[in-house]
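S.K.: I'd like to go over a predicted model; first the sequence, then the structure.
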Amino acid sequence: IPKDGIGVDLGERSLVKFEKEIKKAKTVFWNGPVGVFEIEKYAKGTNRIAKILADMQGEVVTIIGGGDSIAAIDKAGLTEKMTHISTGGGASLEFLGGKKLPGIEVLPEK
């Protein structure tokens, strides 16, 4: 990326690296699209990762977090291929990071 440029999507080499790592996983937590998926010419990376995950259905647990991620998966027509979908992307990351969330803390343990 040029010094005065911005990244708007993943390049082919990055996608190859992502695919290699994803295919090793048993669980994938995806929070946030990898490009400006709302603009078709910048949606390649997001769509490709979504397709990789969809093709691995039954082999990997997929957890999609956040409204933008859900919109991207839905736009790609792959929502039904994902294991879990949550609109709480930021809250999910905080929970996984060990933060106590008020909505969880009030639930009784059984």
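M.R.: Here it is on my side, so go on.

S.K.: tally up the residues packed near Asp90, please.
M.R.: Small correction: residue 90 is Gly, not Asp. Gly90 is flanked by 12 other residues according to other Cβ atoms under 10 Å. In this view, the C-beta of every residue, glycine as well, is placed from N, C-alpha and C.

S.K.: same question for the one 5 residues further on.
M.R.: Residues within reach of Phe95, counting by other Cβ under 10 Å, total 15.

S.K.: now do Ala71
M.R.: 14.

S.K.: what do you get for the one 5 residues further on?
M.R.: Ala76: 18 surrounding residues under other Cβ under 10 Å.

S.K.: surely Pro33 touches Thr46?
M.R.: Yes. In this structure Pro33 lies within contact range of Thr46 using Cβ atoms under 8 Å: 4.3 Å.

S.K.: joint contacts of those two?
M.R.: Jointly contacting Pro33 and Thr46 under the rule Cβ atoms under 8 Å, 6 or more residues apart in numbering are Ala72.

S.K.: partner residues bridging the residue nearest the centre of the chain?
M.R.: Centroid check for the chain by Cα atoms, centre = their mean gives Trp30 as the closest residue, at 2.5 Å. Note on Trp30: beta-bridge partners by DSSP bridges are Ile64.

S.K.: now do the same for it: its pLDDT.
M.R.: At Trp30, the pLDDT value in this model is 95.

S.K.: is it true that it touches Val61?
M.R.: No. Trp30 is not in contact with Val61 according to Cβ under 8 Å; the separation is 11.3 Å.

S.K.: which residues sit against stretch 30-40?
M.R.: Here stretch 30-40 has contacts from 8-10, 18, 42-47, 49, 53, 62-66, 68-69, 71-72, 75, 89, 92-93, using Cβ under 8 Å, 6+ apart.

S.K.: that one: end-to-end distance?
M.R.: Separation of the first and last residues of stretch 30-40 by Cα to Cα, to the nearest Å is 20 Å.
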